[in-house]
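J.: predicted model and sequence follow; I will ask about them next.
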Amino acid sequence: MLLSDVSIRRPVFATILNLILIVFGLFSLPRLAIDQFPKVDFPVITVTIVYPGADPASVEQRILDPMEKAVNGIGGLKRLSSNAVQSVAQIILQFDLSKNGDQAAQEVRDKVFAAVGQLPPEAETPLVQKFDIGGAPIVSLTVSGDKIDYSELSKIVKDNVQPSLERVQGVAAVNAAGIREREVQLFVNREKLASFGLTPQDIAQSVKAQNLDFPAGKIQDESKYVSLRVKGRLESGEEIGKLPILAPSNSSLKVNDVAEVYDQIAEEVTASYDGKTPTILLTLQKQAGSNTTSVADAVKKVVENLKRSLPEGANIEIVTDNSKYIKGSIDSVKLDLVLGAILATFIVLIFLRDFWITVISAVALPTSVIATFAFMDAMGFTLNVMSTLGLSLSIGILIDDAIIVIENIHRHLAMKKSGREAARDATKEIGLAVFATTLTICAVFVPVAFMEGIIGRFFYEFGLTVAFAVLISLFVAFTLTPMMASRLLKSHDDHKDSVGVLHRVSTGIERVLESIESAYQSTLRWCLKHRALTLGLGVGSLVLSFVLLSLVPKAFFPKEDRSQFAISYNLKEGTALPLAKERGLAFANVIQSYPGVDKVITAIAATRERKPNKIRFDVILVDKSKRTYTQFELIDRLRSEVFPQFSTDGAEVSVQESDGAGGGRSEAIQLVFKSDQWSELVRFSDDVAQFVREKIP
């Protein structure tokens, strides 16, 4: 054992080696990003194209068909599915897990934009997005004002609030719902227009031609240079009304001679409410790979600055902040980590009943954990549920190597050896066994990190974190532990008999341990005498464990009461915005009436396609310590008491429980029906839906 021998002879060298690990670990800890889950790259790409006013059949023929042909030949494509609904086409491309997600997204983007020329002119620019498990909205906030005009409030949000939030580092997008911008409307008198031989197109072209800024040359001499620019941008509806109509036969005719001009707020196409109060809802999404908590903290600082700069009567408030749940989860695991270390050290004290042995064991724990932070930083890991879980799990393992070495040194001290001799001989004697034990643990957890499939992606950081922490503990057990033991531990002849309270406590613990040892010996003798029965009990326990395992509920992520969830309310296709507002506010009012519901945020037509039949409710509850029921019990009550009365006239209601993994819908069971006959497919799907409603409560 060259490493332990050198450490015993050169204690300063051993100390410096371990201090280097601690320094690197402490330097890396602040650099580690905090997130809910590990960075998992799912090679799933979505292409969304809005085709305003088109029916599903037209969307399929004019959008999906050319796009599917364009992307179908991309290498590594595992599955392609597409959806055509009113005005919207969506293509979902799933690649092999070995495919790099960024590369797949770029290849899809190249193919899509190469085929844009085949789309109808009315179609909007395709939106290509890569699925990001950490790309779910992290913060949502509302902007409202009871003493300020709504159009002015919308202008403030669009010109000030939204750009300020978009400039925050790590924010990918700020989606707004409820904004109603200023709009100038021209109501043309067709009779007057016809009497002058004009058409509405003449007015539109006249306004467009005269409402612009453009460069007008330059003035230059030997000493000065001045650029000229004509400012022709119109500022009000009154200015538009005074514009001349550009027609050869009507040189003196103005816009307001043949049309009524209204400078007013734009027609409402989206709406949002905080309870019953109209508001503007802003939802922030973070960039892939950015630190969720850092982004959320930066957003909060910007919001505080905006509160001071907003005019009187305007109010901005954060209504949901998913980062606080991430912080809570990580803090809980950190607390478990500290408690585990304390309890492990306390157990060492109880069983070995030696102060210095306990100190040496306690030093090995933080050294191994802190050094692991440097490895996590070098590997690009984050402090997430999986990596911190790995550290928590390894706490009991990290101290094992040190305990084995110290216990053997303690045994050699009982042979009346000096501290250095006992440390050298004991480490040499037990070194190979400790090394084999550590490699065995690594052999278990390293394959876990390289499992195939989605599960393997999540356990990658977990497995490698445990393996590296254990290897560091082995290094500490062969350097720091024998060095400290050789200096701090003495032979039994050097110890004086303990007296007083400590002696009585130690004697009491010794009696308990002797009783446990005696009971174990008796049990072992009985098992050796009844080998068949012992073997039968072992096999029976194994079989029973498999039976009990089948009764344990299974889920990809555990359910967590976050005091918030979302409800998706889809009305019949073609529902107008006024009716959607009426139904949505009625639904929100019923939810708000339940005890423990703090806020209900309603967003209508908040999706990219601005469909008024799509309504989303963000239900925010009081803290779970202040209510007598869980979030899931409330959801069950809503499903049985509220959803049926609003699921009429083709409306659909579903709950989106937040799990932190993307924020999207995730049904436990999904049925997909395929057919070449659309009418038969619709009929069969309706029959299945009716059957499920009748048979499943």
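T.: Good, I have the coordinates. The shown structure was predicted, so the numbers you read here are calculated from the model rather than taken from an experiment.
J.: who touches Val385 in this structure?
T.: Going by Cβ atoms under 8 Å, 6 or more residues apart in numbering, Val385 touches 36-37, 329-330, 333. For every residue, glycine as well, the C-beta is placed using N, CA and C.
J.: so what touches the helix or strand that contains Leu284?
T.: Per DSSP states H and E, Leu284 falls inside strand 280-286. With contact meaning Cβ under 8 Å, 6+ apart, strand 280-286 is reached by 134-144, 153-154, 157, 161-162, 165, 170-179, 272, 292, 295, 299, 601, 603, 606.
J.: pairing partners for that strand, with directions?
T.: Strand 280-286 pairs in its sheet with strand 137-145 (antiparallel), strand 171-177 (antiparallel), by DSSP bridges.
J.: CA atoms only for the last one, dumped as CSV, please.
T.: This means strand 171-177. Written as CSV, here are the backbone C-alpha positions of strand 171-177 (Å, rounded to 0.1, in the frame of the first residue of the first chain):
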residue,chain,number,x,y,z
VAL,A,171,-35.3,33.7,-20.9
ALA,A,172,-36.2,32.1,-24.3
ALA,A,173,-39.6,33.6,-24.8
VAL,A,174,-42.3,35.8,-23.1
ASN,A,175,-45.8,34.7,-24.3
ALA,A,176,-48.5,37.3,-23.7
ALA,A,177,-52.3,36.8,-23.4
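J.: centre of the chain to that strand, how far?
T.: Centroid displacement of strand 171-177 relative to its chain, using Cα atoms, centre = their mean, to the nearest Å, is 16 Å.
J.: now render the strands paired with strand 280-286 as TSV, adding mean pLDDT and mean neighbour count.
T.: Converted to TSV, those look like this (pLDDT from 0 to 100; neighbours: other Cβ atoms under 10 Å):
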stretch	mean pLDDT	mean neighbour count
strand 137-145	86	22
strand 171-177	85	19
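J.: quick one on the thing from earlier: list the buried residues in whichever helix or strand comes after the strand holding Leu284.
T.: Proceeding N to C from strand 280-286, the next assigned helix or strand is helix 292-309, under DSSP H and E. By neighbour count with 16 or more other Cβ atoms under 10 Å, helix 292-309 contains the buried residues 292-296, 298-300, 302-303, 306.
J.: tell me who's in contact with Gly145.
T.: Gly145 touches 153, 313-315, counting by Cβ under 8 Å, 6+ apart.
J.: over to Ala54?
T.: 62-63, 86-87, 122.
J.: Ser154: neighbouring residues, count only.
T.: 20 (other Cβ atoms under 10 Å).
J.: how about Met451?
T.: The criterion is other Cβ under 10 Å. On that basis, Met451 has 14 neighbouring residues.
J.: Arg457 now?
T.: Neighbours of Arg457 under the rule other Cβ under 10 Å: 19.
J.: and what of Pro311?
T.: Using other Cβ under 10 Å, Pro311 has 12 neighbouring residues.
J.: am I right that it is in a helix?
T.: No - assessed with DSSP: H, G, I helix; E, B strand; the rest coil, Pro311 is coil; it does not lie in a helix.
J.: give me the pLDDT value at it.
T.: Looking at Pro311, its pLDDT reads 84.
J.: how close does it get to Arg182?
T.: Distance, Pro311 to Arg182, by Cβ to Cβ, to the nearest Å: 16 Å.
J.: Leu97 too?
T.: For Leu97, the distance to Arg182 equals 49 Å [Cβ to Cβ].
J.: where is pLDDT lowest across the buried residues of helix 292-309?
T.: pLDDT across those is lowest for Thr292, at 79.
J.: Ser394 versus that residue, what's the distance?
T.: Note on Thr292: its distance to Ser394, by Cβ to Cβ, is 25 Å.
J.: likewise Leu228?
T.: Going from Leu228 to Ser394 by Cβ to Cβ gives 72 Å.
J.: just to revisit the earlier point, per-residue confidence averaged over the strand holding Leu284?
T.: On average, strand 280-286 scores 87.
J.: relative to helix 292-309, how tilted is it?
T.: Angle between the axes of strand 280-286 and helix 292-309 is 150 degrees (criterion: axes from the mean of the first three to the mean of the last three Cα atoms, to 10 degrees).
J.: can you give me the buried ones in strand 280-286?
T.: By 16+ other Cβ under 10 Å, the buried positions in strand 280-286 come out as 280-286.
J.: could you do stretch 262-279 as well?
T.: For stretch 262-279, by 16+ other Cβ under 10 Å, it's 263, 268, 270-274, 278-279.
J.: alpha carbons of that stretch, as PDB, please.
T.: What follows is stretch 262-279 as a C-alpha-only set of coordinates in PDB (Å, rounded to 0.1, in the frame of the first residue of the first chain):
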ATOM      1  CA  TYR A 262     -61.700  55.600 -35.600                       C
ATOM      2  CA  ASP A 263     -58.500  55.500 -33.500                       C
ATOM      3  CA  GLN A 264     -59.300  52.900 -30.800                       C
ATOM      4  CA  ILE A 265     -58.300  49.700 -29.100                       C
ATOM      5  CA  ALA A 266     -58.000  46.700 -31.400                       C
ATOM      6  CA  GLU A 267     -60.600  44.000 -31.600                       C
ATOM      7  CA  GLU A 268     -60.200  41.500 -28.800                       C
ATOM      8  CA  VAL A 269     -58.700  38.200 -30.000                       C
ATOM      9  CA  THR A 270     -57.300  36.900 -26.700                       C
ATOM     10  CA  ALA A 271     -58.300  37.500 -23.000                       C
ATOM     11  CA  SER A 272     -57.000  36.700 -19.600                       C
ATOM     12  CA  TYR A 273     -58.400  37.200 -16.100                       C
ATOM     13  CA  ASP A 274     -57.200  37.100 -12.500                       C
ATOM     14  CA  GLY A 275     -60.500  35.900 -11.000                       C
ATOM     15  CA  LYS A 276     -62.900  38.300 -12.600                       C
ATOM     16  CA  THR A 277     -60.400  41.100 -13.200                       C
ATOM     17  CA  PRO A 278     -59.200  41.600 -16.700                       C
ATOM     18  CA  THR A 279     -55.400  41.300 -16.800                       C
END
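J.: chain center to that stretch, what's the gap?
T.: Relative to its chain's centre, stretch 262-279 lies at 30 Å (Cα atoms, centre = their mean).
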